[in-house]
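# Compute the structure for the input listed below.
(one chain, ligands or ions: 1)
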Amino acid sequence: MKEKEIVCGFSKWSKEQKLEYISNLFENPAEFVQELKSFYHENPKKQKIFDEFSENTISNFYFPFGIAPNFLIDEKVYHIPMVIEESSVVAAASKSAKFWSDKGGFHTEIISTTKIGQVHFIWNGNFEKLKTLMPDLRDRMMDRTKGITANMEERGGGITDIELVDMTREIPGYFQIKATFETIDSMGANFINSCLEEFAAELKDFLAESPYFSEDEKHCEVIMSILSNYTPDCLVKSWVECDIDQLEGIDEELTGEQFAWKFEKAVQIATVDVHRATTHNKGIFNGIDAVALATGNDFRAIEACGHTYASRNGRYESLSEVHIKDGKFRYSLTVPLALGTVGGLTNLHPLAKKSLELLGNPGATEMMRIAASVGLANNFGAIKSLVTKGIQKGHMKMHLLNILNQLGATEDEKTKAKAYFEQEKVSYNAVDRFLDKLRSPSQVVKGVYINK
Ligand code: MEV
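Sure thing, here's the model as predicted:
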(Lines give C-alpha, C1' and ligand atoms only; values in the text may rest on other atoms or scores of the structure.)
Protein backbone atom coordinates (compact mmCIF):
# COMPACT_ATOMS: atom_id res chain seq x y z
CA MET A 1 0.00 0.00 0.00
CA LYS A 2 1.44 3.34 -1.07
CA GLU A 3 1.74 6.49 1.05
CA LYS A 4 -1.47 8.55 1.03
CA GLU A 5 -1.74 12.32 0.68
CA ILE A 6 -4.50 14.93 1.05
CA VAL A 7 -6.58 14.98 -2.10
CA CYS A 8 -8.66 17.92 -3.37
CA GLY A 9 -11.99 17.74 -5.21
CA PHE A 10 -12.40 13.97 -4.76
CA SER A 11 -16.20 14.19 -4.56
CA LYS A 12 -16.34 15.96 -7.93
CA TRP A 13 -14.52 13.20 -9.80
CA SER A 14 -16.39 10.55 -11.72
CA LYS A 15 -16.76 7.09 -10.21
CA GLU A 16 -14.12 5.77 -12.65
CA GLN A 17 -11.68 8.52 -11.65
CA LYS A 18 -12.19 7.80 -7.97
CA LEU A 19 -11.70 4.10 -8.51
CA GLU A 20 -8.57 4.68 -10.52
CA TYR A 21 -7.11 7.05 -7.92
CA ILE A 22 -7.79 4.62 -5.03
CA SER A 23 -6.59 1.62 -7.01
CA ASN A 24 -3.27 3.34 -7.63
CA LEU A 25 -2.63 3.27 -3.90
CA PHE A 26 -2.46 -0.52 -4.13
CA GLU A 27 0.54 -2.53 -5.26
CA ASN A 28 -1.63 -4.17 -7.88
CA PRO A 29 -4.16 -1.57 -9.11
CA ALA A 30 -5.64 -3.81 -11.80
CA GLU A 31 -6.42 -6.55 -9.29
CA PHE A 32 -8.10 -4.01 -6.96
CA VAL A 33 -10.24 -2.61 -9.78
CA GLN A 34 -11.22 -6.08 -10.91
CA GLU A 35 -12.19 -7.11 -7.37
CA LEU A 36 -14.30 -4.00 -6.79
CA LYS A 37 -15.95 -4.23 -10.19
CA SER A 38 -16.83 -7.86 -9.58
CA PHE A 39 -19.32 -6.54 -7.02
CA TYR A 40 -21.05 -4.11 -9.42
CA HIS A 41 -24.62 -4.98 -10.24
CA GLU A 42 -24.91 -6.39 -13.76
CA ASN A 43 -27.85 -4.09 -14.45
CA PRO A 44 -26.47 -0.52 -14.74
CA LYS A 45 -29.83 0.97 -13.75
CA LYS A 46 -29.81 -0.97 -10.49
CA GLN A 47 -26.15 -0.14 -9.92
CA LYS A 48 -27.01 3.55 -10.25
CA ILE A 49 -29.57 3.22 -7.43
CA PHE A 50 -26.84 1.94 -5.11
CA ASP A 51 -24.34 4.54 -6.28
CA GLU A 52 -26.79 7.28 -5.42
CA PHE A 53 -27.55 6.13 -1.86
CA SER A 54 -24.30 7.63 -0.69
CA GLU A 55 -21.34 9.73 -1.81
CA ASN A 56 -18.02 8.80 -3.38
CA THR A 57 -19.19 5.25 -4.07
CA ILE A 58 -16.75 3.01 -5.92
CA SER A 59 -18.41 -0.39 -5.41
CA ASN A 60 -21.02 -2.26 -3.36
CA PHE A 61 -20.37 -4.01 -0.05
CA TYR A 62 -22.35 -7.25 0.12
CA PHE A 63 -24.00 -8.58 3.27
CA PRO A 64 -25.97 -11.82 3.41
CA PHE A 65 -29.75 -11.55 3.20
CA GLY A 66 -31.25 -14.45 5.19
CA ILE A 67 -34.62 -15.60 6.43
CA ALA A 68 -35.61 -16.57 9.96
CA PRO A 69 -38.77 -18.58 9.35
CA ASN A 70 -41.64 -19.57 11.63
CA PHE A 71 -42.10 -16.53 13.80
CA LEU A 72 -45.56 -16.65 15.32
CA ILE A 73 -46.26 -13.07 16.43
CA ASP A 74 -49.70 -12.13 17.73
CA GLU A 75 -51.07 -15.27 16.09
CA LYS A 76 -49.69 -14.41 12.67
CA VAL A 77 -46.85 -16.31 11.00
CA TYR A 78 -43.88 -14.39 9.61
CA HIS A 79 -40.78 -15.51 7.76
CA ILE A 80 -38.49 -12.68 8.66
CA PRO A 81 -35.76 -11.20 6.46
CA MET A 82 -32.49 -10.48 8.27
CA VAL A 83 -29.36 -8.84 6.93
CA ILE A 84 -26.36 -9.70 9.05
CA GLU A 85 -22.81 -10.91 8.58
CA GLU A 86 -22.39 -12.69 11.91
CA SER A 87 -22.81 -16.42 11.61
CA SER A 88 -25.36 -18.00 13.95
CA VAL A 89 -27.62 -14.94 14.44
CA VAL A 90 -30.19 -16.05 11.86
CA ALA A 91 -29.88 -19.63 13.08
CA ALA A 92 -30.44 -18.54 16.70
CA ALA A 93 -33.47 -16.43 15.76
CA SER A 94 -34.94 -19.28 13.71
CA LYS A 95 -34.42 -21.83 16.47
CA SER A 96 -36.05 -19.59 19.08
CA ALA A 97 -38.93 -18.82 16.73
CA LYS A 98 -39.55 -22.54 16.22
CA PHE A 99 -39.24 -23.26 19.93
CA TRP A 100 -41.89 -20.67 20.83
CA SER A 101 -44.17 -21.38 17.86
CA ASP A 102 -45.93 -24.26 19.66
CA LYS A 103 -46.08 -22.35 22.96
CA GLY A 104 -48.26 -19.48 21.79
CA GLY A 105 -45.51 -17.63 19.98
CA PHE A 106 -44.63 -14.00 20.65
CA HIS A 107 -47.15 -11.57 22.07
CA THR A 108 -46.73 -7.84 21.69
CA GLU A 109 -48.08 -4.53 22.85
CA ILE A 110 -47.46 -1.08 21.42
CA ILE A 111 -47.06 1.14 24.47
CA SER A 112 -46.61 4.46 22.66
CA THR A 113 -45.60 5.91 19.29
CA THR A 114 -44.46 9.49 19.91
CA LYS A 115 -41.23 11.06 18.67
CA ILE A 116 -39.38 14.12 19.90
CA GLY A 117 -37.56 17.07 18.36
CA GLN A 118 -35.88 20.09 19.91
CA VAL A 119 -34.84 23.63 19.05
CA HIS A 120 -31.92 24.42 21.35
CA PHE A 121 -31.41 28.15 21.86
CA ILE A 122 -29.55 30.62 24.04
CA TRP A 123 -31.62 33.58 25.14
CA ASN A 124 -31.03 36.33 27.62
CA GLY A 125 -34.69 36.60 28.56
CA ASN A 126 -37.39 35.92 31.12
CA PHE A 127 -38.60 32.30 31.04
CA GLU A 128 -41.92 32.99 32.78
CA LYS A 129 -42.80 35.74 30.31
CA LEU A 130 -42.11 33.52 27.29
CA LYS A 131 -43.97 30.66 28.95
CA THR A 132 -47.07 32.85 29.34
CA LEU A 133 -46.85 33.69 25.65
CA MET A 134 -46.37 30.06 24.59
CA PRO A 135 -49.99 29.47 23.45
CA ASP A 136 -49.57 32.31 20.95
CA LEU A 137 -46.12 31.15 19.85
CA ARG A 138 -47.41 27.58 19.56
CA ASP A 139 -50.24 28.73 17.26
CA ARG A 140 -47.81 30.67 15.13
CA MET A 141 -45.50 27.66 14.91
CA MET A 142 -48.40 25.40 13.94
CA ASP A 143 -49.48 27.91 11.30
CA ARG A 144 -46.00 28.25 9.89
CA THR A 145 -45.60 24.50 9.44
CA LYS A 146 -49.00 23.92 7.82
CA GLY A 147 -47.40 23.31 4.43
CA ILE A 148 -45.23 20.57 5.91
CA THR A 149 -47.81 18.96 8.18
CA ALA A 150 -50.83 18.82 5.83
CA ASN A 151 -49.97 15.40 4.35
CA MET A 152 -48.96 13.92 7.67
CA GLU A 153 -52.20 15.15 9.24
CA GLU A 154 -54.18 13.53 6.47
CA ARG A 155 -52.53 10.23 7.45
CA GLY A 156 -53.47 10.81 11.09
CA GLY A 157 -50.17 12.23 12.32
CA GLY A 158 -48.58 15.61 12.86
CA ILE A 159 -47.31 17.79 15.68
CA THR A 160 -48.86 16.74 18.98
CA ASP A 161 -47.29 19.22 21.38
CA ILE A 162 -44.85 22.12 21.60
CA GLU A 163 -43.45 23.20 24.94
CA LEU A 164 -40.83 25.53 26.32
CA VAL A 165 -38.16 24.00 28.54
CA ASP A 166 -35.96 25.96 30.93
CA MET A 167 -32.44 24.49 30.91
CA THR A 168 -30.68 27.46 32.50
CA ARG A 169 -29.65 25.39 35.50
CA GLU A 170 -27.46 23.35 33.15
CA ILE A 171 -26.12 26.10 30.88
CA PRO A 172 -26.74 29.84 31.45
CA GLY A 173 -29.37 31.15 29.04
CA TYR A 174 -30.12 27.69 27.58
CA PHE A 175 -33.76 26.95 26.63
CA GLN A 176 -35.47 24.44 24.40
CA ILE A 177 -38.54 24.28 22.28
CA LYS A 178 -39.41 20.64 22.75
CA ALA A 179 -41.97 19.24 20.34
CA THR A 180 -43.61 15.85 20.05
CA PHE A 181 -44.69 14.28 16.79
CA GLU A 182 -46.76 11.41 15.51
CA THR A 183 -45.24 10.26 12.24
CA ILE A 184 -47.47 7.23 11.50
CA ASP A 185 -45.64 4.83 9.15
CA SER A 186 -42.56 6.90 8.49
CA MET A 187 -39.57 7.12 10.78
CA GLY A 188 -40.17 10.83 10.35
CA ALA A 189 -36.67 12.31 10.59
CA ASN A 190 -37.08 14.64 7.61
CA PHE A 191 -40.58 15.66 8.63
CA ILE A 192 -39.52 16.44 12.19
CA ASN A 193 -36.36 18.31 11.21
CA SER A 194 -38.23 20.41 8.65
CA CYS A 195 -40.83 21.37 11.28
CA LEU A 196 -38.12 22.22 13.82
CA GLU A 197 -36.29 24.53 11.44
CA GLU A 198 -39.55 26.40 10.88
CA PHE A 199 -40.13 26.55 14.67
CA ALA A 200 -36.69 28.09 15.09
CA ALA A 201 -37.39 30.74 12.45
CA GLU A 202 -40.79 31.47 14.02
CA LEU A 203 -39.26 31.75 17.47
CA LYS A 204 -36.84 34.40 16.21
CA ASP A 205 -39.62 36.33 14.45
CA PHE A 206 -41.87 36.10 17.49
CA LEU A 207 -39.26 37.48 19.88
CA ALA A 208 -38.35 40.25 17.47
CA GLU A 209 -41.96 41.29 16.81
CA SER A 210 -43.64 40.88 20.19
CA PRO A 211 -44.18 44.10 22.15
CA TYR A 212 -43.71 42.23 25.45
CA PHE A 213 -39.96 41.84 25.18
CA SER A 214 -37.23 44.31 26.04
CA GLU A 215 -34.64 45.18 23.38
CA ASP A 216 -32.30 42.67 25.00
CA GLU A 217 -34.91 39.92 24.84
CA LYS A 218 -35.76 40.45 21.18
CA HIS A 219 -32.90 38.28 19.99
CA CYS A 220 -32.06 34.67 20.63
CA GLU A 221 -29.29 32.51 19.28
CA VAL A 222 -30.60 29.25 17.85
CA ILE A 223 -27.85 26.71 18.39
CA MET A 224 -29.50 23.82 16.54
CA SER A 225 -32.80 22.29 15.53
CA ILE A 226 -32.84 18.50 15.36
CA LEU A 227 -34.96 15.48 16.17
CA SER A 228 -33.94 13.39 19.15
CA ASN A 229 -33.11 9.78 18.42
CA TYR A 230 -34.02 9.05 22.01
CA THR A 231 -37.66 8.02 21.67
CA PRO A 232 -38.65 6.45 25.02
CA ASP A 233 -42.26 7.10 24.05
CA CYS A 234 -42.08 5.08 20.87
CA LEU A 235 -42.13 1.89 22.83
CA VAL A 236 -43.02 -1.73 22.17
CA LYS A 237 -43.11 -4.79 24.38
CA SER A 238 -42.74 -8.35 23.15
CA TRP A 239 -43.02 -11.40 25.37
CA VAL A 240 -43.17 -15.16 25.39
CA GLU A 241 -44.53 -17.39 28.12
CA CYS A 242 -44.95 -21.04 28.93
CA ASP A 243 -45.26 -23.49 31.81
CA ILE A 244 -41.92 -24.29 33.38
CA ASP A 245 -42.62 -27.94 32.46
CA GLN A 246 -42.41 -26.98 28.81
CA LEU A 247 -38.76 -26.01 29.32
CA GLU A 248 -38.01 -29.63 30.13
CA GLY A 249 -35.65 -31.18 27.57
CA ILE A 250 -33.98 -27.94 26.49
CA ASP A 251 -30.84 -29.36 28.01
CA GLU A 252 -30.03 -32.98 28.80
CA GLU A 253 -28.49 -32.07 32.13
CA LEU A 254 -31.05 -29.58 33.41
CA THR A 255 -34.66 -29.96 34.44
CA GLY A 256 -37.09 -27.30 33.23
CA GLU A 257 -36.98 -25.72 36.67
CA GLN A 258 -33.18 -25.68 36.79
CA PHE A 259 -33.03 -24.18 33.32
CA ALA A 260 -35.52 -21.45 34.29
CA TRP A 261 -33.53 -20.69 37.46
CA LYS A 262 -30.23 -20.39 35.57
CA PHE A 263 -31.89 -18.31 32.88
CA GLU A 264 -33.34 -15.97 35.49
CA LYS A 265 -29.92 -15.58 37.13
CA ALA A 266 -28.35 -14.74 33.75
CA VAL A 267 -30.88 -11.96 33.19
CA GLN A 268 -30.45 -10.67 36.74
CA ILE A 269 -26.69 -10.53 36.16
CA ALA A 270 -27.30 -8.46 33.01
CA THR A 271 -29.32 -6.08 35.15
CA VAL A 272 -26.70 -5.50 37.84
CA ASP A 273 -23.44 -5.76 35.89
CA VAL A 274 -22.73 -3.27 33.14
CA HIS A 275 -20.21 -5.47 31.34
CA ARG A 276 -22.66 -8.30 31.02
CA ALA A 277 -25.55 -5.92 30.29
CA THR A 278 -23.74 -4.54 27.24
CA THR A 279 -23.15 -7.99 25.75
CA HIS A 280 -26.67 -9.11 26.66
CA ASN A 281 -28.20 -6.11 24.89
CA LYS A 282 -25.80 -6.53 21.98
CA GLY A 283 -27.37 -9.94 21.47
CA ILE A 284 -30.81 -8.30 21.36
CA PHE A 285 -29.62 -5.82 18.73
CA ASN A 286 -28.14 -8.67 16.68
CA GLY A 287 -31.74 -9.45 15.82
CA ILE A 288 -33.23 -5.96 15.77
CA ASP A 289 -30.43 -4.48 13.63
CA ALA A 290 -30.63 -7.33 11.16
CA VAL A 291 -34.34 -6.68 10.63
CA ALA A 292 -33.76 -2.92 10.53
CA LEU A 293 -31.14 -3.38 7.82
CA ALA A 294 -33.26 -5.78 5.81
CA THR A 295 -36.14 -3.30 5.81
CA GLY A 296 -34.03 -0.20 5.08
CA ASN A 297 -34.34 1.28 8.56
CA ASP A 298 -31.76 3.39 10.38
CA PHE A 299 -30.15 0.84 12.69
CA ARG A 300 -27.76 3.42 14.21
CA ALA A 301 -30.68 5.49 15.45
CA ILE A 302 -32.40 2.41 16.82
CA GLU A 303 -29.27 1.17 18.63
CA ALA A 304 -28.39 4.58 20.07
CA CYS A 305 -31.92 4.90 21.40
CA GLY A 306 -31.99 1.38 22.84
CA HIS A 307 -28.76 1.88 24.75
CA THR A 308 -29.93 5.23 26.16
CA TYR A 309 -33.19 3.57 27.20
CA ALA A 310 -31.22 0.80 28.87
CA SER A 311 -29.63 3.51 31.07
CA ARG A 312 -32.87 5.24 32.02
CA ASN A 313 -32.69 4.08 35.66
CA GLY A 314 -29.26 5.63 36.17
CA ARG A 315 -27.32 2.51 35.30
CA TYR A 316 -27.01 0.57 32.06
CA GLU A 317 -29.22 -2.52 32.38
CA SER A 318 -30.66 -5.47 30.50
CA LEU A 319 -33.48 -4.51 28.17
CA SER A 320 -35.17 -7.86 28.74
CA GLU A 321 -36.78 -9.20 31.89
CA VAL A 322 -37.76 -12.61 33.14
CA HIS A 323 -40.52 -13.44 35.60
CA ILE A 324 -41.03 -16.87 37.07
CA LYS A 325 -44.22 -17.24 39.06
CA ASP A 326 -46.78 -19.95 39.76
CA GLY A 327 -44.99 -22.43 37.51
CA LYS A 328 -44.91 -19.98 34.58
CA PHE A 329 -41.89 -18.65 32.73
CA ARG A 330 -42.47 -15.23 31.19
CA TYR A 331 -39.74 -13.50 29.23
CA SER A 332 -40.13 -10.02 27.81
CA LEU A 333 -38.34 -7.25 25.99
CA THR A 334 -39.43 -3.63 26.20
CA VAL A 335 -37.60 -1.43 23.74
CA PRO A 336 -38.09 1.89 21.99
CA LEU A 337 -38.13 1.33 18.21
CA ALA A 338 -38.59 4.31 15.90
CA LEU A 339 -39.07 2.26 12.75
CA GLY A 340 -40.59 3.26 9.46
CA THR A 341 -42.15 1.38 6.59
CA VAL A 342 -42.54 4.29 4.20
CA GLY A 343 -40.02 6.90 3.13
CA GLY A 344 -36.25 6.82 3.34
CA LEU A 345 -34.52 3.71 2.12
CA THR A 346 -37.55 1.52 2.83
CA ASN A 347 -38.93 2.13 -0.65
CA LEU A 348 -35.70 2.89 -2.47
CA HIS A 349 -33.62 -0.17 -1.71
CA PRO A 350 -34.98 -2.92 -3.96
CA LEU A 351 -34.40 -5.60 -1.32
CA ALA A 352 -35.84 -3.51 1.52
CA LYS A 353 -38.98 -3.28 -0.59
CA LYS A 354 -39.02 -7.06 -1.03
CA SER A 355 -38.44 -7.55 2.71
CA LEU A 356 -41.46 -5.41 3.48
CA GLU A 357 -43.49 -7.31 0.90
CA LEU A 358 -42.46 -10.60 2.50
CA LEU A 359 -43.62 -9.25 5.86
CA GLY A 360 -46.98 -8.34 4.30
CA ASN A 361 -46.26 -4.62 3.93
CA PRO A 362 -46.65 -3.84 7.61
CA GLY A 363 -47.21 -0.38 9.05
CA ALA A 364 -44.69 1.06 11.51
CA THR A 365 -46.36 -0.39 14.60
CA GLU A 366 -46.48 -3.89 13.13
CA MET A 367 -42.84 -3.45 12.19
CA MET A 368 -42.08 -2.54 15.82
CA ARG A 369 -43.82 -5.71 16.99
CA ILE A 370 -41.82 -7.82 14.52
CA ALA A 371 -38.41 -6.30 15.28
CA ALA A 372 -38.89 -6.48 19.05
CA SER A 373 -39.86 -10.15 18.77
CA VAL A 374 -36.75 -10.95 16.75
CA GLY A 375 -34.65 -9.10 19.36
CA LEU A 376 -36.25 -11.19 22.08
CA ALA A 377 -35.76 -14.39 20.07
CA ASN A 378 -32.05 -13.71 19.63
CA ASN A 379 -31.71 -12.82 23.28
CA PHE A 380 -33.49 -16.03 24.29
CA GLY A 381 -31.28 -18.07 21.96
CA ALA A 382 -28.10 -16.53 23.36
CA ILE A 383 -29.04 -16.99 27.02
CA LYS A 384 -30.29 -20.51 26.37
CA SER A 385 -26.91 -21.47 24.88
CA LEU A 386 -24.90 -19.59 27.49
CA VAL A 387 -26.56 -21.30 30.46
CA THR A 388 -26.44 -24.77 28.89
CA LYS A 389 -23.79 -25.92 26.41
CA GLY A 390 -22.05 -22.54 26.06
CA ILE A 391 -22.02 -20.25 23.09
CA GLN A 392 -18.93 -21.44 21.26
CA LYS A 393 -20.16 -24.85 20.16
CA GLY A 394 -22.98 -23.55 18.01
CA HIS A 395 -21.20 -20.37 17.11
CA MET A 396 -18.06 -22.07 15.86
CA LYS A 397 -20.10 -24.66 13.97
CA MET A 398 -21.70 -21.80 12.07
CA HIS A 399 -18.34 -20.11 11.73
CA LEU A 400 -16.74 -23.23 10.24
CA LEU A 401 -17.60 -22.21 6.69
CA ASN A 402 -16.01 -18.79 7.19
CA ILE A 403 -12.80 -20.42 8.41
CA LEU A 404 -12.85 -22.88 5.52
CA ASN A 405 -13.33 -20.04 3.05
CA GLN A 406 -10.55 -18.06 4.69
CA LEU A 407 -8.26 -21.07 4.27
CA GLY A 408 -9.27 -21.47 0.62
CA ALA A 409 -10.97 -24.85 1.05
CA THR A 410 -12.44 -26.51 -2.04
CA GLU A 411 -16.06 -27.74 -2.08
CA ASP A 412 -14.84 -31.28 -1.54
CA GLU A 413 -12.68 -30.23 1.42
CA LYS A 414 -15.65 -28.33 2.89
CA THR A 415 -17.86 -31.41 2.71
CA LYS A 416 -15.21 -33.50 4.45
CA ALA A 417 -14.55 -30.83 7.07
CA LYS A 418 -18.26 -30.46 7.83
CA ALA A 419 -18.57 -34.19 8.40
CA TYR A 420 -15.43 -34.33 10.52
CA PHE A 421 -16.35 -31.34 12.69
CA GLU A 422 -19.79 -32.76 13.47
CA GLN A 423 -18.02 -34.50 16.36
CA GLU A 424 -15.04 -32.21 16.93
CA LYS A 425 -14.52 -28.79 18.45
CA VAL A 426 -14.15 -26.11 15.80
CA SER A 427 -11.33 -23.60 16.04
CA TYR A 428 -9.24 -21.84 13.42
CA ASN A 429 -6.20 -23.95 14.33
CA ALA A 430 -8.16 -27.19 14.35
CA VAL A 431 -9.57 -26.48 10.87
CA ASP A 432 -6.14 -25.43 9.63
CA ARG A 433 -4.61 -28.65 10.94
CA PHE A 434 -7.42 -30.68 9.42
CA LEU A 435 -6.90 -29.13 6.00
CA ASP A 436 -3.14 -29.57 6.24
CA LYS A 437 -3.57 -33.24 6.87
CA LEU A 438 -6.20 -33.53 4.21
CA ARG A 439 -3.89 -31.93 1.71
CA SER A 440 -0.91 -34.12 2.48
CA PRO A 441 -1.04 -37.54 0.80
CA SER A 442 -2.89 -40.41 2.54
CA GLN A 443 -3.45 -39.02 5.99
CA VAL A 444 -5.42 -40.28 8.92
CA VAL A 445 -7.19 -37.65 10.99
CA LYS A 446 -8.07 -38.98 14.46
CA GLY A 447 -8.60 -42.44 13.13
CA VAL A 448 -10.60 -41.29 10.08
CA TYR A 449 -8.89 -42.32 6.90
CA ILE A 450 -9.14 -39.47 4.45
CA ASN A 451 -9.42 -40.76 0.99
CA LYS A 452 -7.95 -38.16 -1.33
C1 MEV B 1 -22.88 -12.47 20.07
O2 MEV B 1 -23.03 -11.75 18.89
C3 MEV B 1 -24.01 -12.16 21.02
C4 MEV B 1 -23.90 -12.80 22.39
O5 MEV B 1 -22.63 -12.50 22.98
C6 MEV B 1 -25.03 -12.24 23.22
C7 MEV B 1 -24.98 -12.63 24.67
O8 MEV B 1 -23.89 -12.91 25.20
O9 MEV B 1 -26.06 -12.60 25.29
C10 MEV B 1 -23.99 -14.30 22.29
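
# could you pull out the strands for the stretch 151-300 of the chain?
Taking DSSP state E, counting those that start in this stretch as the criterion, the stretch 151-300 of the chain carries its strands at 158-166, 174-182, 220-228, 234-243.

# How about the contacts made by the residue of the stretch 251-400 of the chain found nearest the ligand?
Across the stretch 251-400 of the chain, the shortest distance to the ligand (Cβ to the nearest ligand atom) belongs to residue 283, at 2.7 Å. All C-beta spots, glycine's among them, are computed from the backbone N, C-alpha and C. Going by Cβ atoms under 8 Å, 6 or more residues apart in numbering, residue 283 touches 378-379, 382-383.

# okay, and for the stretch 351-452 of the chain, where does confidence drop off?
Within the stretch 351-452 of the chain, the stretches with pLDDT under 70 are 442-452.

# would you list every one of the helices in it?
Secondary structure of the stretch 351-452 of the chain by DSSP state H, counting those that start in this stretch: the helices cover 364-387, 391-406, 411-420, 428-439.

# Redo those as TSV? Include mean neighbour count and distance to the ligand.
Shown next, in TSV, are these (neighbours: other Cβ atoms under 10 Å; distance: least, Cβ to the nearest ligand atom, whole Å):
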stretch	mean neighbour count	distance to the ligand
helix 364-387	26	4
helix 391-406	17	5
helix 411-420	15	22
helix 428-439	16	18
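
# For residue 71, which of these is the nearest?
Nearest of these to residue 71, taken as Cβ to Cβ: helix 364-387 at 6.2 Å.

# Please produce CSV containing the strands of the stretch 151-300 of the chain, extended by mean neighbour count, distance to residue 339 and mean pLDDT.
Below are those laid out as CSV (neighbours: other Cβ atoms under 10 Å; distance: least, Cβ to Cβ, whole Å; pLDDT from 0 to 100):
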stretch, mean neighbour count, distance to residue 339, mean pLDDT
strand 158-166, 16, 19, 98
strand 174-182, 20, 14, 98
strand 220-228, 17, 14, 98
strand 234-243, 21, 9, 98
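
# Dump the ones you listed to CSV, plus distance to residue 418.
As requested, the strands of the stretch 151-300 of the chain are exported to CSV (distance: least, Cβ to Cβ, whole Å):
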stretch, distance to residue 418
strand 158-166, 55
strand 174-182, 51
strand 220-228, 48
strand 234-243, 32
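
# what about the ones you listed, which gets the closest to the ligand?
strand 234-243 (16.3 Å).

# What helices and strands are in contact with the closest one?
Under the contact criterion of 3 or more Cβ pairs under 8 Å, 6 or more residues apart in numbering; DSSP states H and E, strand 234-243 touches strand 107-123, strand 328-336, helix 364-387.

# could you say what helices and strands the helix or strand just after the first one packs with?
Looking back up the chat, that one is strand 107-123. Going down the chain from strand 107-123, the next helix or strand is helix 127-132, by DSSP states H and E. Judged by 3+ Cβ pairs under 8 Å, 6+ apart, the packing partners of helix 127-132 are strand 158-166.

# Any chance you could list what contacts the strand it packs on?
114, 127, 130-131, 134, 137-138, 141-142, 145, 149, 152, 175-182, 195, 199.

# next one: stretch 383-401
Residues from elsewhere that reach stretch 383-401, judged by Cβ under 8 Å, 6+ apart: 87-88, 91-92, 96, 250-251, 253-254, 259, 262-263, 265-267, 280, 283, 382, 414, 417-418, 421, 425-427, 431.

# Give me every residue in the stretch 1-150 of the chain lying close to the ligand.
By Cβ under 6 Å from any ligand atom, the residues of the stretch 1-150 of the chain that approach the ligand are residue 86.

# Make TSV from the helices of the stretch 351-452 of the chain and add distance to residue 5 to it.
Listed next are these as TSV, based on distance: least, Cβ to Cβ, whole Å:
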stretch	distance to residue 5
helix 364-387	44
helix 391-406	33
helix 411-420	43
helix 428-439	37
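
# Which residue ranges make up the domains of the protein?
1-62, 65-111+236-389, 115-228, 394-450 (automatic domain parsing).

# Can you get me the start-to-end distance on the longest one?
Taking Cα to Cα, to the nearest Å, the first and last residues of domain 65-111+236-389 lie 28 Å apart.

# and it, how far from the chain's centre?
Relative to its chain's centre, domain 65-111+236-389 lies at 12 Å (Cα atoms, centre = their mean, to the nearest Å).

# just the shortest one next, same as before
A distance of 34 Å separates the C-alpha centroid of domain 394-450 from that of its chain, computed with Cα atoms, centre = their mean.
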